[in-house]
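**Student:** Pasting the sequence and the predicted model now:
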Amino acid sequence: MRGTTDFQGLGNYTRIAGSSGFRAALWQTLQIVLASFVLEAVLGLAVALALHRGLRGSKVFSAIVALPLMVAPIVGALSWRFILVDGYGMIDSIAGTFGASGPLWFADVWLARASIVIANLWMALPFDILMLLAGLASLPSDPLEAARVDGATPWQLLVFIMLPLLKPVIAVILVVRLADAFRIFDVVYVLTGGGPANSTDVLSTYIYRQMFTVLDFPGGAAAAILLVLITAAFSLLAVLLLRDRRPDN
């Protein structure tokens with residue numbers, strides 16, 4: 001005997017989008033994405049500029065910077081858990097040699113969020129640096145030399161010439177990193193599991209819980225589609241903001 005099914009239409013989407021758990025996970029995802037992007041922009045550009053100028057030891061440092069790209073995300077997350085975990089972690093062990101104790105990274109809400117941002121930054125920053133290095137190496141020298149002759153300061157060169165010319169590279173970084181940041185799962189699952197008290201729950205861990213813990217497969221599928229749409233919307237916004245608006249000749 002064949003079973004019957006009820007057509008839900010947009011019911012699952014409205015149910016999930018209206019749930020407090022989904023909204024909290026979305027808000028916490030946006031916080032982690034924003035914090036990661038601000039730190040990546042500042043640190044990535046600073047390191048890329050330093051390496052581009054050929055400072056002493058920059059070649060060796062470039063090789064070191066690329067190392068996290070060779071590490072699987074789950075391995076990187078486990079490494080950071082061993083560093084931060086209370087009791088036997090590296091930080092706690094070092095603090096113990098001085099008669100102190102390390103912070104409870106996974107018990108405090110803000111420290112737990114900070115641990116996710118730090119681990120994610122360590123794994124994502126090399127991509128930003130290498131992309132920016134490639135962009136800096138491809139910049140035309142004529143506008144920079146002309147600006148230097150006119151007395152432009154290094155800050156003016158960066159803001160008014162280099163960054164506008166780097167817009168295509170920055171757009172690629174934003175699109176790729178937005179997709180990575182919104183679907184972050186490994187780091188959160190290994191470090192905090194969404195805790196304490198779901199305070200670090202992100203959209204990916206929310207979807208995982210709906211699908212495999214609550215066994216709400218329609219709700220989990222709807223949440224996954226919403227995640228794809230949200231990521232696509234932010235990526236499109238980034239491309240539109242950074243597109244070249246110069247009129248065609």
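**Tutor:** Yes, it's here. Numbers count the residues shown, from 1 in each chain.
**Student:** low pLDDT regions in this structure?
**Tutor:** Within the chain, the stretches with pLDDT under 70 are 1-9, 54-58, 244-249.
**Student:** Might you report the residue contacts of the residue most central in space within the chain?
**Tutor:** Centroid-nearest residue in the chain, with CA atoms, centre = their mean: Ala181, separated by 3.9 Å. For Ala181, the contacting residues are 29, 32-33, 36-37, 120, 124, by CB atoms under 8 Å, 6 or more residues apart in numbering. Heads up, the C-betas are built off the backbone N, CA and C, glycines and all.
**Student:** For the longest helix seen in the chain, which helices and strands make contact with it?
**Tutor:** The single longest helix within the chain, with elements called by DSSP state H, is helix 20-52. Counting contacts by 3 or more CB pairs under 8 Å, 6 or more residues apart in numbering; DSSP states H and E, helix 20-52 is packed against helix 58-65, helix 109-137, helix 167-182, helix 203-212, helix 217-242.
**Student:** buried residues in that helix?
**Tutor:** Within helix 20-52, the residues scored as buried using 16 or more other CB atoms under 10 Å are 21-22, 25-26, 28-30, 32-33, 35-37, 39-41, 44-45, 47-49, 51-52.
**Student:** Stretch 148-159 now?
**Tutor:** Residues Ala152 are the ones in stretch 148-159 that count as buried (16+ other CB under 10 Å).
**Student:** Residues touching that stretch, excluding its own?
**Tutor:** Applying CB under 8 Å, 6+ apart, the external contacts of stretch 148-159 come out as 49, 144, 147, 160-161.
**Student:** ok, of the contacts of Ala181, which one's closest to Ile16?
**Tutor:** For the contacts of Ala181, the closest approach to Ile16 (CB to CB) belongs to Thr29, at 14.3 Å.
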